[in-house]
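Chemist: The following comprises the amino acid sequence and a computationally predicted model.
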Amino acid sequence: MKERIEQQKRIFKYVLLVFAMVIIIADACLIIQHKKVFSETENRMLQQFPKLTEETLLSGRFMKQSEDFVADQFFLRDGWIAVKLKSDSIIGRQTSNGVILGKEGFLIEDSAAPIEASFEKNLSAIRTFAAAHPDISIVMSVAPNAVCVCDQLLPTNIPVRDQNQDLDAVKDALSSSLTYVDLRDALSAHKEEYIYYKSDHHWTSLGAKYAFEELAKSLVTEEMTADIGTADPMQFLKQYTVTEDFSGTMASTSGAFSIKDSIDIYVYEMDEFQYVVEYTDEQRKSATVFNSAALEQKNKYEVFLGGNHPQINIKTTNLNKKSLLIFKDSYANALIPFLLPYYQTITIVDPRYYSDDIEKLLSDAQITDVLFLYNMNTFAEDNSLAGVLIDE
């Protein structure tokens, strides 16, 4: 008995020693590697070591940012995330790192609760903007996320926020100020189809196509395409699969790195129609809205417009004098290719990165139409739109 107790003590000491060595090595690697700024796996900026000041210490930001720094920069972080997913699955959990482990291999982002102050401020700013520009046709749509549309993919009895209440709040607040297009029915009619990615929080090109067809009822008239030789450009759309190896943000966050998606693009193949794209932040031009170089990187969704930019200008060979301004988030990137033949110019602004005078842009670009296009989760948490729309 005594020998057995001594043996157990020795084993316990060895376990403690190994654990201590792992912690020491992890801490050493953390110190050495803490300058990693961006995670390609998670497609986001990583927390850097915070600056210690009296203000950050007293406000509590220093401790919070320090905790985020350790979590973001922890040694072999991606491996630990994958291990956590495995353990979550074994014990029957329905989420991993906040990602819902849906049916049929779908990884689903839960509904985000609106940040009330920003939410109300944005709604008020949109109403004020619309009232100030009665001569401009203004259309808005907030896209539902997969958690709202594809309820058949949710685990049984999992508690999720009802996104419909937030979509209803936006619709009720804005319908009297502009043309509001509710996309829920149009997308729900196709919820058994591949309209959202399995591994990512975006809709697919097919989902964006169905959304465009619904938006077109408020945006498009026959006169808009008279100059390009067809009343129905969509008959010239061609679909191409550009990758079957896309692993998106939900896979990265949850650790389900093996889940892959295909990405399709839709291209108008019309000899009568051409366009050029200007990326103002990069001071470069392109003959396509698709960025093939993105297919060689982690975030392959950037095949659409090369990702997010403060401002993009598109000039087409359609001479109908219709000029569209889009305020958007990344959901719009997959839908914008469908809009191309219908406007002489399209100006795209992402308020999260834009800082110029929007009234001057309206005048310089001779804007005739405005489209607000967000997804609900981004719109719920956005704190930038109001600042762009209203010069305070």
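Modeler: That came in fine, so what should we check first?
Chemist: Please enumerate residues in contact with stretch 190-198?
Modeler: Stretch 190-198 is contacted from outside by 104-107, 145-146, 149-152, 187, 202-204, 206-207, 210, 246, 248, 250, 259-261, using CB atoms under 8 Å, 6 or more residues apart in numbering. Where C-beta positions appear, they are placed from N, C-alpha and C, glycine not excepted.
Chemist: repeat that with 7 Å
Modeler: Applying CB atoms under 7 Å, 6 or more residues apart in numbering, the contact partners of stretch 190-198 are 105-107, 146, 149-150, 152, 187, 203-204, 206-207, 210, 248, 259, 261.
Chemist: Model confidence score at residue 316, please.
Modeler: We have a pLDDT of 98 for residue 316.
Chemist: pLDDT (mean, whole number) over the strand ranked longest in the chain?
Modeler: For the chain, the strand with the greatest residue count under DSSP state E is strand 237-246. What strand 237-246 shows for mean pLDDT is 98.
Chemist: Give the buried residues for that strand.
Modeler: Neighbour-count burial for strand 237-246 flags 237, 242, 243, 246 (criterion: 16 or more other CB atoms under 10 Å).
Chemist: out of those residues, what pair is the most spread apart?
Modeler: 237 and 246 (21.1 Å; CB to CB).
Chemist: before we move on, back to that, can you tell me which of the buried residues of strand 237-246 is closest to residue 114?
Modeler: After measuring these against residue 114 - CB to CB - the closest member comes out as residue 246, at 29.2 Å.
Chemist: my read: the closest one touches residue 264, true?
Modeler: No - contact between residue 246 and residue 264 fails when scored by CB atoms under 7 Å: they sit 10.6 Å apart.
Chemist: Provide the strand pairings for the longest strand of the chain, with the direction of each partner.
Modeler: Strand 237-246 has its sheet partners listed here by DSSP bridges as strand 261-268 (antiparallel).
Chemist: Which of the three states applies to residue 391?
Modeler: coil (DSSP: H, G, I helix; E, B strand; the rest coil).
Chemist: make that residue 176, sorry
Modeler: Of the three states, residue 176 takes coil under three-state DSSP.
Chemist: Which parts of the stretch 201-350 of the chain are strands?
Modeler: 237-246, 261-268, 275-279, 284-286, 311-316, 323-328, 345-349 (DSSP state E, counting those that start in this stretch).
Chemist: Pipe the ones you listed into JSON lines and attach distance to residue 381 per row.
Modeler: Below are those laid out as JSON lines (distance: least, CB to CB, whole Å):
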{"stretch": "strand 237-246", "distance to residue 381": "24"}
{"stretch": "strand 261-268", "distance to residue 381": "24"}
{"stretch": "strand 275-279", "distance to residue 381": "26"}
{"stretch": "strand 284-286", "distance to residue 381": "31"}
{"stretch": "strand 311-316", "distance to residue 381": "22"}
{"stretch": "strand 323-328", "distance to residue 381": "15"}
{"stretch": "strand 345-349", "distance to residue 381": "18"}
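Chemist: Among those, which comes closest to residue 180?
Modeler: Per CB to CB, nearest to residue 180 of the strands of the stretch 201-350 of the chain: strand 323-328, 14.2 Å.
Chemist: Which strands or helices does that closest one pack on?
Modeler: strand 345-349, strand 369-375 (3 or more CB pairs under 7 Å, 6 or more residues apart in numbering; DSSP states H and E).
Chemist: Can you add mean pLDDT and give the ones you listed back as JSON lines?
Modeler: Listed next are the helices and strands packed on strand 323-328 as JSON lines, based on pLDDT from 0 to 100:
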{"stretch": "strand 345-349", "mean pLDDT": "98"}
{"stretch": "strand 369-375", "mean pLDDT": "98"}
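Chemist: Please identify which of the ones you listed is closest to residue 276.
Modeler: For residue 276, the closest of the helices and strands packed on strand 323-328 is strand 345-349, at 10.5 Å, according to CB to CB.
Chemist: Which is the succeeding secondary structure element to the closest one?
Modeler: Following strand 345-349 in sequence order, the next helix or strand is helix 358-364 (DSSP states H and E).
Chemist: right, and residue 350 touches residue 310 too?
Modeler: Yes - assessed by CB under 7 Å, residue 350 is found in contact with residue 310 at 6.2 Å.
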